[in-house]
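Novice: Build the 3D model from these lines:
(one chain, ligands or ions: 1)
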Amino acid sequence: MTDRVPTLYEWAGGAEALERLTEEFYARVRKDELLAPLFARMDDDHPKHVATFLGEVLGGPEHYTEHHGGYRHMVSRHRGRAIKPEQRARWVELMREAMDVVGLPDDAEFRSAFIGYIEFGSRRAMANSRPGVGPTGRTTIKKWGWGEAQPGDD
Ligand code: HEM
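Specialist: The predicted model follows:
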């Protein structure tokens, strides 16, 4: 037995759970009138790559950094796309729906932490997508944790 607090990645169910999440999510994105045009040219591996990225953020293996170009590559994929506020909001809405459909843990602690990251990441993606915005100073993927409410807290 260990007293170590599990990572959000472990709590979510690991790589397999995150891949189910992104498959479900991008199936919705492809059918969504606001988002489909932005993702018209994404390739079939896109959901898997985003699952790998999210896994690294949530404390899982650093596979996106090691095998998929890391933070800078992710930022470059948003650059110049001029994501609109309503597109960002829809992205978050579809992500919440997909979490429920695939049955990610729905305890208050996990959901508040994960949604917190989704809000953060989607706002950063929108900011980095503005025309004329260049590379950021950051070079590594930001990690996300439980925040103020850890499992077992009252
Ligand atoms: C937490 C929020 C987000 C995360 C973690 C994220 C993550 C990623 C990653 C990792 C990639 C590159 C995938 C690869 O390596 O192939 C990517 C590409 C992309 N993202 Fe995001 N993203 C976020 C939010 C958004 C939002 C809000 C939008 C638009 C509403 C968006 C639009 C796109 C587009 C259009 C691409 C390129 C797709 C293509 O290859 O054609 N992202 N994102």
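Novice: CA only for contacts and neighbour counts going forward, please
Specialist: OK.
Novice: Near the ligand, which residues of the chain are found?
Specialist: Taking Cα under 6 Å from any ligand atom as the measure of proximity, the chain contacts the ligand at 38-39, 41-42, 46, 49-50, 53-54, 68, 74, 77-78, 83, 87-88, 91, 118, 121-122, 125.
Novice: mind redoing it with 5 Å?
Specialist: Listed as neighbours of the ligand in the chain under the rule Cα under 5 Å from any ligand atom: 38-39, 41-42, 46, 50, 74, 77, 87-88, 118, 121-122.
Novice: how close does the residue positioned nearest the centre of the chain sit to K31?
Specialist: Nearest to the mean C-alpha position of the chain, by Cα atoms, centre = their mean, lies L54 at 4.7 Å. Separation of L54 from K31 (Cα to Cα, to the nearest Å): 22 Å.
Novice: Could you do A108 as well?
Specialist: Distance, A108 to K31, by Cα to Cα: 30 Å.
Novice: what does N128 give?
Specialist: Taking Cα to Cα, one finds N128 at 25 Å from K31.
Novice: now W146
Specialist: Distance from W146 to K31, counting by Cα to Cα: 32 Å.
Novice: Tell me which of the two has more neighbours.
Specialist: W146 (19 against 11; other Cα atoms under 10 Å).
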